[in-house]
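Asker: can't give you the sequence, but here's the structure:
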């Protein structure tokens, strides 16, 4: 149980375009989802905390207008990278906290974004 | 500022060796400490520790937390090549704060 999926797993886009990444909890409901980014050989950096039905809470230094997060339901959160630039190329990982078991976050498989 | 520091940053051992990975933290409103293993994709959960002095064990892996000295260790005994990965430590406070990770390589 506690499976989290991400789509797409890999995407290449051109500079200036927008990319949407979906994060779904498949077999449980998640009131809270987290979005992380990870650069090569570095640790996970929390970008924002997404709560169902409310605005996301962004970490310091993360541009809200650039990284749009929508948590429309208890099983879906989306991250849209707007006007992407090559420096946005990274590995984006989402995780979800279960309603019943909020002790632990379950990670999605990640999305590798390459902006050319 | 909250921080989680892991050491060593990288480690190369031979199969059969025992390794100890360290995680120290300075975090306000500590709730729990978690260990993850990350191979090619997203991290997979290993342990969650909330109380001092209680060892958690899963096969060849074990971990313990010292809330007085603010650190945790992850032990791996009889290492195998499949243990090669990045091991991440995270502290849950009002959010999750990840350490830098320890990159472990086990040679055959």
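Answerer: Perfect, I can see it now. The model shown is predicted, which means the values in this text are computed figures rather than measured ones.
Asker: does any bit of stretch A:89-107 sit next to chain B?
Answerer: Yes. Legend: contact between stretch A:89-107 and chain B by Cβ under 8 Å from any Cβ of the partner chain is shown at A:93, A:95, A:103, A:104, A:105, A:106, A:107. Every residue, glycine included, has its C-beta placed from N, CA and C.
Asker: where along chain A do the helices fall?
Answerer: Assigned by DSSP state H, the helices in chain A number zero.
Asker: where does it have low pLDDT?
Answerer: Along chain A, the parts satisfying pLDDT under 70 run over A:1, A:99-103.
Asker: give me the residue from it nearest chain B.
Answerer: Per Cβ to the nearest Cβ, residue A:107 is where chain A lies closest to chain B, at 4.0 Å.
Asker: tally of neighbours for residue B:76?
Answerer: As a burial measure, residue B:76 scores 22 neighbours (other Cβ atoms under 10 Å in any protein chain shown).
Asker: try residue B:61
Answerer: Residues lying near residue B:61 (other Cβ under 10 Å) number 17.
Asker: for residue B:35, same thing?
Answerer: 23.
Asker: Chain neighbours aside, what residue packs nearest to the closest residue to chain A within chain B?
Answerer: Closest contact between chain B and chain A, by Cβ to the nearest Cβ, is at residue B:42 (4.0 Å). Using Cβ to Cβ, 6 or more residues apart in numbering or on different chains and skipping the chain neighbours, the partner closest in space to residue B:42 is residue A:107 (4.0 Å).
Asker: would residue B:82 count as being in a helix?
Answerer: Yes. Membership of residue B:82 in a helix is supported by DSSP: H, G, I helix; E, B strand; the rest coil.
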